[in-house]
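S.K.: 3D model of this:
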Amino acid sequence: MEYTYLGETGMEVSRLCLGCMNFGTGEPWMLHDREASIEVIDRALELGINFFDTANAYSRGESEAILGEAIEDRDREELVLATKVFFPMGEGPNRGGLSRKHVLEQAEASLDRLGTDYVDLYQIHRWDEHTPIEETLSALDHLIDEGLVRYVGASTMPAWRFMKALREADVNNYERFVSMQCEYNLVDRHEEANVLPLCEDQGVGVIPWSPLAGGFLADKYERGEEPEEGRAATDEYTRERFSEEGWAVLDVVRDLAEQKDATPAQVSLAWLLHREVVDAPIIGPRTLDHLEDDVGALEVDLTDEEMERLEEPVTPVWNREIGDV
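M.R.: As a prediction, the model looks like this:
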C-alpha cells in the first residue's frame, strides 16, 4: 500500500480509501450482509488500507455500526475514520441539516455507533442553505476543542460556497476544512470546472467519490443492453453515464486494460491516482475479489499520452444540480 498526506495536514492516509456506503440495507444495491461487510473491511486492513469513509445517513447509522464492529480490536492510532453529517436521520424537525443542534447531536451518535472516542475527519455531507455557515463552523470548532474530532472536511458543493466557508474560517479563526469529497471519475469530470482548481489553490485534499461511476468504468454494462443487475438496474443516476461520451471513454479504458494486462477498473482508478490534485479515491467494493482488483490499480502506470487518450472524449463542464447524489 502507498500512503500520502491528506491535503496540507500531517495525517497520513492510504492512497485508496474504503467507502462503507455499501455496508447496510438501506438500498437494494447494498450488501445486506453484515458478516460479508466485515470480511471486506478486515481484508482492506490486511492490504494496508487505513482510511475508511462512512456517514450517519448510510442506512441510518447501520454502516457506521458495521465499521465500528470491524475495527473494535484494531490499533486505533493507525486508522483514519471519516464520517459525515447533513441528511435527515428521522422524521420531524431538527433531524437533518447543519445546525449547531444537529451537528453536535449527530457527532455524539456517530461516535457511539463507531465505538470510538474521536473521529479523524468529520465532514459536512452537503451545504445547508438554511443554516449560516458561521453556525456550522462554530459547532465543528467546538467538537475539535472537545477532542471529539481531529479535522473537518466538506463534500459536494459549488466552488463559490466552499470558498465562502474557507474565508469565514480564516477571518474568524475557525478550523478550516482540510478536504473536499466530490464526485470525480473519467466520465464525471465536471468538478474540473468547479471545485478542483480551488482545492489545488487552497491546499485542500481531494477524496473522490464514485471513482468507477457506479460500476460503469468497471465494465459491468454493455452498450445497447438494459442492465439487469448492478447499481444501474435500479439507479437512474448511474444510467446517465450510458452516453456516447461515456461509451467512448470506456472504449479507451478497455483498450488500455487489454494492453496492460489489467482490468478496466484498475485503469480507471489508476487515472485518478495519477491526477496530482487527488489524494485518495473512495472505492466501494462489495466483494473481496472487487477489493483485491481495486488495490491492483496501484501497480498500473499510465503515460502522459495514455492520460490524454482517456481524457479526450469528455469536455469538463460544471452543470450539475447539487442534491441527494
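S.K.: ok, which stretches of the stretch 201-325 of the chain are helices?
M.R.: For the stretch 201-325 of the chain, the helices defined by DSSP state H, counting those that start in this stretch cover 236-239, 244-260, 264-274, 288-295, 304-311.
S.K.: ok, so what distance separates the closest residue to Met21 other than its chain neighbours from Glu69?
M.R.: Sequence neighbours aside, Tyr58 is the residue nearest to Met21 in space, at 5.0 Å (criterion: C-beta to C-beta, 6 or more residues apart in numbering). Placement of C-beta: from N, CA and C, glycine included. Distance, Tyr58 to Glu69, using C-beta to C-beta, to the nearest Å: 15 Å.
S.K.: Which of the two has more residues huddled nearby?
M.R.: The neighbour count for Tyr58 versus Glu69, taken as other C-beta atoms under 10 Å, is higher for Tyr58 (25 against 16).
S.K.: Spit out the contact partners of the more buried one.
M.R.: Contacts here follow C-beta atoms under 8 Å, 6 or more residues apart in numbering; on that basis Tyr58 touches 20-21, 23-24, 26, 64.
S.K.: Give me whichever of the helices of the stretch 201-325 of the chain is most buried.
M.R.: Using mean count of other C-beta atoms under 10 Å, the stretch among the helices of the stretch 201-325 of the chain with the largest mean neighbour count is helix 264-274, at a mean of 24.
S.K.: elements contacting that helix?
M.R.: Using 3 or more C-beta pairs under 8 Å, 6 or more residues apart in numbering; DSSP states H and E, the elements in contact with helix 264-274 are helix 244-260, helix 288-295, helix 304-311.
S.K.: of all these, which lies closest to Leu269?
M.R.: Closest approach to Leu269 among those (C-beta to C-beta): helix 288-295, 6.2 Å.
S.K.: sorry, back to before: and the contacts of Tyr58, which of them are buried?
M.R.: Using 16 or more other C-beta atoms under 10 Å as the burial test, the contacts of Tyr58 include 20-21, 23-24, 26, 64 as buried.
S.K.: on that earlier part again, and the helices of the stretch 201-325 of the chain: which comes nearest Val178?
M.R.: Among the helices of the stretch 201-325 of the chain, the nearest to Val178 by C-beta to C-beta is helix 264-274 (19.3 Å).
S.K.: pLDDT (mean, whole number) over the closest one?
M.R.: The pLDDT scores in helix 264-274 average 98.
S.K.: One more: stretch 22-39?
M.R.: Mean pLDDT, stretch 22-39: 92.
S.K.: now swap in stretch 202-211 and tell me
M.R.: Stretch 202-211 comes out at a mean pLDDT of 98.
S.K.: low-confidence ranges in this structure?
M.R.: In the predicted model of the chain, residues 224-239, 320-325 satisfy pLDDT under 70.
S.K.: what residue lies at the spatial centre of it?
M.R.: In the chain, the residue lying closest to the centroid (C-alpha atoms, centre = their mean) is Trp209, at 3.5 Å.
S.K.: and it, what is it in contact with?
M.R.: Contacts of Trp209 (C-beta under 8 Å, 6+ apart): 19, 155-156, 181-184, 282.
S.K.: same deal with Asp141?
M.R.: Applying C-beta under 8 Å, 6+ apart to Asp141 gives the contacts 174-175.
S.K.: buried sites along the one helix or strand it maps to?
M.R.: Asp141 is part of helix 133-145 when elements are defined by DSSP states H and E. Residues 133, 136-137, 139-144 are the ones in helix 133-145 that count as buried (16+ other C-beta under 10 Å).
S.K.: Go ahead and produce CSV holding the CA coordinates of stretch 269-285.
M.R.: Written as CSV, here are the backbone C-alpha positions of stretch 269-285 (Å, rounded to 0.1, in the frame of the first residue of the first chain):
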residue,chain,number,x,y,z
LEU,A,269,-8.6,4.1,-10.7
ALA,A,270,-5.0,4.5,-11.9
TRP,A,271,-6.1,7.6,-13.9
LEU,A,272,-7.4,9.2,-10.7
LEU,A,273,-4.2,8.1,-8.8
HIS,A,274,-2.1,9.9,-11.4
ARG,A,275,-4.0,13.1,-11.0
GLU,A,276,-1.9,15.4,-8.8
VAL,A,277,-4.9,17.0,-7.1
VAL,A,278,-6.3,13.6,-5.9
ASP,A,279,-5.2,12.2,-2.5
ALA,A,280,-7.3,9.0,-2.1
PRO,A,281,-10.2,7.8,-4.3
ILE,A,282,-13.0,6.2,-2.3
ILE,A,283,-13.5,2.7,-3.5
GLY,A,284,-16.7,0.8,-2.7
PRO,A,285,-16.1,-2.9,-3.2
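S.K.: From the chain's centroid, how far away is it?
M.R.: Mean C-alpha position of stretch 269-285 versus that of the full chain (C-alpha atoms, centre = their mean, to the nearest Å) differs by 10 Å.
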